[in-house]
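**Q** Sequence first, then the predicted structure:
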Amino acid sequence: MRPYEKDPQAIYAQSFETVRREARIERFAPAMQPVITRLIHACGMVEIADRLAFSAEAAERGAAALQAGAPVLCDCEMVGSGIIRRYLPAGNEVIVTLNDARTPDHAQVIENTRSAAAVDLWRDHIEGAVVAIGNAPTALFRLLEHLDNGWPKPAVILGFPVGFVGAAESKAELAGNPRGCDFIALRGRKGGSAMASAAVNALAVGTPEGRVQ
């Protein structure tokens, strides 16, 4: 067996240092650096730094919303599970409506996916919220449709749906026309729940290299 690092704090510190060095994190605005660092840390792909699209004040406004107690709206349970609750600065509520009892029947009514139907249940929570989408492109498309129809705006949309049908397209739609919302999105097919929750964690606490999860 080859020797391996066993000190959790050293592992954390070395991981973030590697990300900062290889991705040249200093080229990004200071507020975005923790977000990009955690995103790369979550997926192990330094190259995603060059595939991110984001609005100029996305990180600041997302962090401020969490500090003010805004809820986090997640498109699936995996995103919600990846959010480190003790890092949320105001005991923020994490809301996942995918498994709400109303969702399956509503999906039939709107002739769309359960993920899209679950978004319809966000209406009372959406204003000023942090939205984290890490699985379903239809959830992101549905949210954008509602914004087109006059829904209140969230503080920030974290767009990381993954897959081969609609993922790249939904994120391109968000980046091309964010409907006046701040946003962070990963262009193309890549994404996933771990990245969406990592973005929330970054907005909540930054990159505490010495803190063990």
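**A** Yep, that arrived. Residues are numbered from 1 along each chain as shown.

**Q** Which positions in the top helix by length along the chain come out as buried?
**A** Using DSSP state H, we find that the single longest helix of the chain is helix 8-23. Buried residues in helix 8-23, counted by 16 or more other Cβ atoms under 10 Å: 12, 15-16, 19-20, 23. From N, CA and C alone the C-beta is placed, and that goes for glycine too.

**Q** Repeat that for stretch 176-191.
**A** 178-179, 181-187, 190-191.

**Q** can you give me the strands for this protein?
**A** 52-54, 72-74, 94-96, 130-133, 156-159, 182-186 (DSSP state E).

**Q** M45 is nearest to which of the ones you listed?
**A** With distances scored as Cβ to Cβ, the stretch of the strands of the chain nearest to M45 is strand 182-186 (9.9 Å).

**Q** re earlier: same list (the strands of the chain) but as a markdown table, adding distance to V46 and mean pLDDT.
**A** Putting the strands of the chain into a markdown table (distance: least, Cβ to Cβ, whole Å; pLDDT from 0 to 100) gives the following:
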| stretch | distance to V46 | mean pLDDT |
| --- | --- | --- |
| strand 52-54 | 12 | 98 |
| strand 72-74 | 26 | 98 |
| strand 94-96 | 29 | 98 |
| strand 130-133 | 22 | 98 |
| strand 156-159 | 20 | 98 |
| strand 182-186 | 13 | 98 |
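
**Q** could you dump those strands to JSON lines with distance to P3?
**A** Listed next are the strands of the chain as JSON lines, based on distance: least, Cβ to Cβ, whole Å:
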{"stretch": "strand 52-54", "distance to P3": "35"}
{"stretch": "strand 72-74", "distance to P3": "39"}
{"stretch": "strand 94-96", "distance to P3": "39"}
{"stretch": "strand 130-133", "distance to P3": "38"}
{"stretch": "strand 156-159", "distance to P3": "38"}
{"stretch": "strand 182-186", "distance to P3": "35"}
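
**Q** Out of those, flag the one nearest V35.
**A** In terms of Cβ to Cβ, the element of these nearest to V35 is strand 182-186, at 6.4 Å.

**Q** Show residues contacting the closest one.
**A** Contacts with strand 182-186, where a contact means Cβ atoms under 8 Å, 6 or more residues apart in numbering, come from 35, 39, 48, 51-55, 57-59, 61-62, 155-160, 171, 174-175, 195, 199.

**Q** elements contacting the least confident helix or strand in the chain by mean pLDDT?
**A** For the chain, the helix or strand with the lowest mean confidence is helix 8-23, at a mean of 91 (criterion: mean pLDDT, DSSP states H and E). For helix 8-23, the elements it packs on are helix 33-43, judged by 3 or more Cβ pairs under 8 Å, 6 or more residues apart in numbering; DSSP states H and E.
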